[in-house]
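> Have a look at this prediction, sequence included:
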Amino acid sequence: MRLTSLAFMLASVFTCSAYSSSTVASVPTAAELTAQVESKVIAWRRDLHQHPELSNREFRTSKVIEKHLKSLGLEVQTGIAHTGVVAILKGGKPGPLIGLRADMDALPVTEVVDLPFASKATDTYRNQTVGVMHACGHDTHVAMLMGVAENLVKVKDSLAGDVMFIFQPAEEGAPEGEQGGAELMLKQGLFAKRKPEQVFGMHVTSSMPTGVIGLRSGPAMASEDSFSIKVTGRQTHGSRPWGGVDPIVASAQIINSVQTIISRQVDITKAPAVVSFGAINGGIRSNIIPDEVELIGTIRTFDQAMRADIKVKLAEIASNAAKTLGATATTEIQPGYPVTVNNPELVSKMRPVIASVVGDNKLIEPGLITGAEDFSYYALETPGMFFFLGVTPTDKDPSQVASNHSPEFYVDESALKVGVQTMTQVALTALGATQ
């Protein structure tokens, strides 16, 4: 009897020891957490895709997000930058605050992709009725971050620090006459009470195959500035051009001369740059030389000093080129998003973390992207890292498929689990969670 009791006691000790050991090691992995939430992420994405909303008009979207975050027991704040939603997850141990951001808005694009959940939505944009579509994949960003939030709540006791979930409106730009986006969120105090020590963002792209992650250290996406040049001459009959000053010819001279900024006046070995004209407006009849012509365009750069220099050169060239023909040119520049810069130390730390999720062969360093992103504002405030998730089916050539912003833009939903798992693992690593 004593031997039996002793054996039972020893067995109990070993059983408890084994249970205790398994309990310590039982924190779910990012992969296990993501497997549990994947179907929800896809369902959320399809719902959001079917109900897209333009910048600063993401009312339904914000309600969907708010409901989910509150169901997780998070502290939720709404109405930031009109429709933004922010939630705080407090970890079980002391540590830093990190930020995870997803953008929410759709585009004035009419969808042509044949999907059962394709968008049929319309809205008013610049006084015109337009189709509305998540043609840049922001529906996937929202759905994935909702999934990441659920993942991290499940392991909050293991987190050495806190998480700020940032669901941001108007990344595509606020409507004319309004403010919005990351810049307005920051102006309204997003980081005022407590600034994240690191901030992370992710964007889907058709330029890479499903499951591939693109991550670049340093400058990753360009700054963006819009410009308008008002060229003023003197109206006259088209048969008597000597009787006036032709702003159309002056505009042509300006357009040609501006090309020398990039080709002859800036050091493109330091960083690439782009100056493009997007529209020319002037005149109403074939036989009337008008008083004015307006030129509008965009400037893209990856270096702040070069950015400032190009703006100065653009105004000088426009003024001087017009003056040689007796016209005047007034240049106005509307500052846009800054350069998106990935903190090198943060990238160095997280590169092997991401590789552990997708494999070394699926983690690439993309080239510089001349598109712009207002995630850049967050990265000016605190070390930031912005990476890309490929969503083009592996049997398709990414160079041949429709790009982001196209009415034919298509997302392979099997990529979403990769995005959720990757961002979850990045957050777990940043907060020292034991798995």
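Right, received. Where do you want to start? Model, not experiment: these values are computed from the prediction. Numbering: from 1, shown residues only.
> Every contact and neighbour count from this point should use C-alpha atoms.
OK.
> Could you list the low-pLDDT ranges of the chain?
For the chain, the stretches with pLDDT under 70 are 1-25, 434-435.
> correct me, but V418 touches G211?
Yes: with contact defined as CA atoms under 8 Å, V418 counts as touching G211 (5.9 Å).
> Identify the contacts common to the two.
V358 (CA atoms under 8 Å, 6 or more residues apart in numbering).
> Does anything pack onto the host helix or strand of T61? Which helices or strands?
Assessed by DSSP states H and E, T61 sits inside helix 59-71. Judged by 3 or more CA pairs under 8 Å, 6 or more residues apart in numbering; DSSP states H and E, the packing partners of helix 59-71 are strand 75-80, strand 84-90, helix 138-154.
> Can you give the distance of stretch 413-432 from its chain's centre?
How far stretch 413-432 lies from its chain's middle: 17 Å, per CA atoms, centre = their mean, to the nearest Å.
> Just the buried residues of that stretch, please?
413, 415-432 (16 or more other CA atoms under 10 Å).
> and if you look at stretch 154-164?
Here stretch 154-164 shows 155-156, 158-164 as buried, counting by 16+ other CA under 10 Å.
> what's it in contact with?
27-28, 86-100, 196, 428, 431-434.
> if we go to 7 Å?
27, 86-100, 428, 431-434 (CA atoms under 7 Å, 6 or more residues apart in numbering).
> Check the residues you listed for burial and list the buried ones.
Applying 16+ other CA under 10 Å to the contacts of stretch 154-164 flags 27, 86-91, 93, 96-100, 428, 431-434 as buried.
> so the helix holding T61 versus strand 84-90, what angle?
Interaxial angle, helix 59-71 versus strand 84-90 (axes from the mean of the first three to the mean of the last three CA atoms, to 10 degrees): 10 degrees.
> Helix 59-71 to helix 138-154, inter-axis angle?
Using the same axes, to 10 degrees: helix 59-71 against helix 138-154 is 10 degrees.
> how distant is helix 59-71 from the center of its chain?
Centre to centre, stretch against its chain (CA atoms, centre = their mean), the figure for helix 59-71 is 20 Å.
> Just the buried residues of that helix, please?
Buried residues in helix 59-71, counted by 16+ other CA under 10 Å: 59, 61-62, 65-66, 69.
> which one of these sits closest to H138?
Proximity of the buried residues of helix 59-71 to H138 (CA to CA) peaks at T61, which lies at 10.9 Å.
> Show the contacting residues for the closest one.
By CA under 7 Å, 6+ apart, the contact set of T61 is L48.
> do E332 as well
Counting by CA under 7 Å, 6+ apart, E332 has contacts 227-229.
> my guess is it is in a strand, correct?
Yes: E332 sits within a strand when classified using DSSP: H, G, I helix; E, B strand; the rest coil.
> Distance-wise, check it relative to I299.
To I299, E332 is 12 Å away according to CA to CA, to the nearest Å.
> do the same with A149
Taking CA to CA as the measure, A149 falls 37 Å from I299.
> what do you get for F387?
Note on F387: its distance to I299, by CA to CA, is 23 Å.
> now do Q235
30 Å.
> What count of nearby residues applies to T269?
T269 has 6 neighbouring residues, counting by other CA atoms under 10 Å.
> Ok, the one 3 residues further on next?
A count of neighbours around P272, defined by other CA under 10 Å, yields 17.
> Who are the contact partners of it?
301-302.
> mind checking the backbone torsions on it?
Dihedral pair for P272: phi -70, psi 160, per degrees, to the nearest 10.
> what does E32 give?
Main-chain torsions, E32, degrees, to the nearest 10: phi -70, psi -40.
> what sits against it?
Here E32 is in contact with no residue (CA under 7 Å, 6+ apart).
> can you rerun that using 10 Å?
Counting by CA atoms under 10 Å, 6 or more residues apart in numbering, E32 touches 151, 421.
> same check, this time on G95
Counting by CA under 10 Å, 6+ apart, G95 touches 159-162, 430-432.
> Please tabulate these in TSV, including the columns secondary structure and distance to G367.
Formatted as TSV, those follow (DSSP: H, G, I helix; E, B strand; the rest coil; distance: CA to CA, whole Å):
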residue	secondary structure	distance to G367
L159	coil	34
A160	strand	35
G161	strand	33
D162	strand	33
A430	helix	26
L431	coil	30
G432	coil	31
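> from those, which is closest to V275?
Closest to V275, out of all of the contacts of G95 and judged by CA to CA, is A430, at 38.6 Å.
> which SSE is the closest residue in space to the closest one that isn't next to it in sequence in?
Nearest in space to A430, with sequence neighbours left out and distances taken as CA to CA, 6 or more residues apart in numbering, is I98 at 7.6 Å. Using DSSP H and E, I98 sits within strand 93-103.
> now V418
Assigned by DSSP H and E, V418 falls in helix 416-430.
> what's the residue closest to the geometric middle of the protein?
E373 (5.0 Å; CA atoms, centre = their mean).
> Was I right to think it contacts E171?
Yes: counting by CA atoms under 10 Å, E373 touches E171, with 7.2 Å between them.
> Now do the shared contacts for those two.
182, 337.
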